[in-house]
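Q: here is a sequence together with a model predicted from it:
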Amino acid sequence: MLLALLSLFYSYTATVPSSTGDSVLAYVRIYKGDTIPMGFLPQVNIWSAVKWKSDADRLEYLRLKRNLVIVYPYAIKAAKILLDMNEELSHIDGNLARKRYIKSKERVLKENFEDRLKGMSTYQGRLLMLLIDRQTGQTCYELVKEFRGGFLAWTYHTMMNVYDEDLNMKRTYDAAQYPLIDHILWEIETGKLKVAEIK
């Protein structure tokens with residue numbers, strides 16, 4: 001009985017004869033003694049057509065799209081750098097050696113990205129912080145706290161909130177909360193919307 005149940009949910013790879021007489025390698029499922037060929041379809045996303053309530057809403061969407069195209073490559077680069085740093089730090093013993101490594105990485109990042117990031121608008125900064133959380137699974141606050149300490153993370157967070165209350169380093173990305181952002185990111189990630197690559 002158990003074997004029969006398992007066979008319902010277990011897929012096999014089998015050789016299935018084709019109409020030309022050749023054999024084709026295919027996934028099959030055994031169901032009630034019958035061998036049924038299986039296929040896998042690619043994921044399809046269906047988005048309803050957006051109907052704008054006003055021209056202002058449509059212009060805000062276009063602004064969002066333009067800015068996401070600018071900041072998305074930085075979020076991807078940040079996730080890659082974080083992955084590389086965590087990999088490298090896993091092989092470094094001792095707090096002093098870890099701090100030296102983090103400092104050296106910080107210098108390189110400042111040389112390569114400080115001017116470009118300073119040129120971003122506050123709006124782009126908010127989007128970048130959301131995307132960094134989406135790509136890394138950690139908020140900007142958590143990243144600063146992990147690599148530079150809790151006091152500095154709290155200081156940056158407080159200063160940003162004084163400057164602009166929407167610059168919240170603790171904000172997390174939630175696709176349900178940001179459906180337009182999610183749709184634009186889907187367009188980027190499926191290649192329908194082109195972005196520049198960050199060197």
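A: That came in fine, so what should we check first?

Q: longest strand of this structure?
A: strand 23-31 (DSSP state E).

Q: in this structure, which spans are helices?
A: 2-9, 55-89, 95-118, 122-136, 140-148, 150-163, 179-189 (DSSP state H).

Q: now do the buried residues in the longest strand of the chain.
A: Buried residues in strand 23-31, counted by 16 or more other C-beta atoms under 10 Å: 28, 29, 30. Just so you know, the C-beta spots here come from the backbone N, C-alpha and C atoms, and that holds for glycine as well.

Q: from those, which one has the minimum pLDDT?
A: When those are sorted by pLDDT, the bottom entry is residue 28 at 79.

Q: sorry, back to before: looking at the helices of the chain, which is nearest to residue 42?
A: helix 179-189 (13.7 Å; C-beta to C-beta).

Q: chain center to that closest one: distance?
A: 11 Å (C-alpha atoms, centre = their mean, to the nearest Å).

Q: what's that helix in contact with?
A: 45, 47, 61, 64-65, 68-69, 72, 127, 130-131, 134, 175, 193, 195 (C-beta atoms under 8 Å, 6 or more residues apart in numbering).

Q: those residues: which two are farthest apart?
A: It's 45 and 127 that sit farthest apart of the contacts of helix 179-189, by C-beta to C-beta, at 21.1 Å.

Q: distance check, residue 149 against residue 133.
A: 20 Å (C-beta to C-beta, to the nearest Å).

Q: before we move on, back to that, closest one to residue 39 among the helices of the chain?
A: Here helix 2-9 is closest among these (C-beta to C-beta), at 17.2 Å.

Q: just want the most central residue of the chain.
A: residue 135 (3.3 Å; C-alpha atoms, centre = their mean).

Q: tell me the contacts of the nearest residue to that one once chain neighbours are set aside?
A: In this structure, residue 135 finds its nearest non-sequential neighbour in residue 79, 3.8 Å apart by C-beta to C-beta, 6 or more residues apart in numbering. Contacts were defined as C-beta under 8 Å, 6+ apart; by that measure residue 79 touches 132, 135, 136.

Q: wait, isn't residue 92 in contact with residue 99?
A: No. Using C-beta atoms under 8 Å, residue 92 is not in contact with residue 99, being 9.8 Å away.

Q: would you map out the domains in this protein?
A: Using automatic domain parsing, the domain parsing of the chain gives 2-38, 55-189.

Q: from those domains, which stretch is densest packed?
A: domain 55-189 (a mean of 15; mean count of other C-beta atoms under 10 Å).

Q: that one: end-to-end distance?
A: One end of domain 55-189 sits 27 Å from the other (C-alpha to C-alpha, to the nearest Å).
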